[in-house]
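Undergrad: Curious how this folds, go ahead:
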Amino acid sequence: MKTEVTPSEPPRLSRGLRLVLILSLGLNLAVAGAVVALAIKGPPQPRGDMVRDLGFGAFNEALDDSDREALRAGFRQKMPDIGKAKSVMRADLDAVLVVLRSEPFDPAALDAVLAGQRERVLERVQLGQTLLRERFTAMTPAERGAFADRLEKSLTRHGKRH
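TA: Next up, the predicted model:
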C-alpha cells in the first residue's frame, strides 16, 4: 500500500518579521539617498528648523557653506562614481523585489541583497565621517570653536522642541 506524501510548504516569514525587513530596507535606502544627495547637490535650500540631511546628521545644520562645499568636493574626489549610486540603489530594490516574489521564498537570498546594500551604505557613511574628521582637523581652534557653538545651538534648539 502506498501513502501519498505531499511536499510541505517552506516556512513563511511572519508578517511582523517581513515588516521589520521592509522597514530596515527603507531606512537603509533613506540614509544612502541622503548621503548621495548631499554629495551631489548639497543640503536642500532653504534650510528649515529640522535637520534635513541624514548624511551628516546633527552636524549638517552646523556646517557653513564653505564646509559643505569642501565636503562635496571631498566626496567627488574620493568617490568619483557616486553618481552611479542611484542606479545601484535601484538595482538593489529590483533584487529585493525578485527575492520577495520568488517561491519558495529564500531568506538567505534576501540576506545577501541586504548585506550588499548595507556595505555600500556603510562605505558612504564611513567616507562622510572621514571627510568630517579631515575638515575638523583642518580648522583653526577658533573655527572649531565656532562650529561647536553652532552645533550646540542647533542641538539645544531641536532638543527644546522634542
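Undergrad: okay, and for this structure, where does confidence drop off?
TA: Residues of the chain that meet the criterion pLDDT under 70 lie in 1-11, 13, 16, 19-20, 23-55, 82, 158-162.
Undergrad: Enumerate the positions of the longest helix seen in the chain that are buried.
TA: As assigned by DSSP state H, the longest helix anywhere in the chain is helix 107-138. By neighbour count on 16 or more other C-beta atoms under 10 Å, the buried set for helix 107-138 is 110, 113-114, 117, 121, 124-125, 127-128, 131-132, 135. For the C-beta atoms, the positions are set from N, CA and C on the backbone; glycine is no exception.
Undergrad: Give the other helices and strands that that helix contacts.
TA: Counting contacts by 3 or more C-beta pairs under 8 Å, 6 or more residues apart in numbering; DSSP states H and E, helix 107-138 is packed against helix 15-41, helix 65-78, helix 85-101.
Undergrad: right, and the helix or strand after that helix?
TA: helix 141-161 (DSSP states H and E).
Undergrad: Output the contacting helices and strands for that following helix.
TA: Right, helix 141-161 is packed against helix 59-62 by 3+ C-beta pairs under 8 Å, 6+ apart.
Undergrad: Send me the helix it packs on as PDB with only the CA atoms.
TA: Taking C-alpha atoms only, helix 59-62 is exported to PDB below (Å, rounded to 0.1, in the frame of the first residue of the first chain):
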ATOM      1  CA  PHE A  59      26.500  68.100  12.100                       C
ATOM      2  CA  ASN A  60      24.600  69.200   9.000                       C
ATOM      3  CA  GLU A  61      22.900  72.200  10.400                       C
ATOM      4  CA  ALA A  62      26.200  73.500  12.000                       C
END
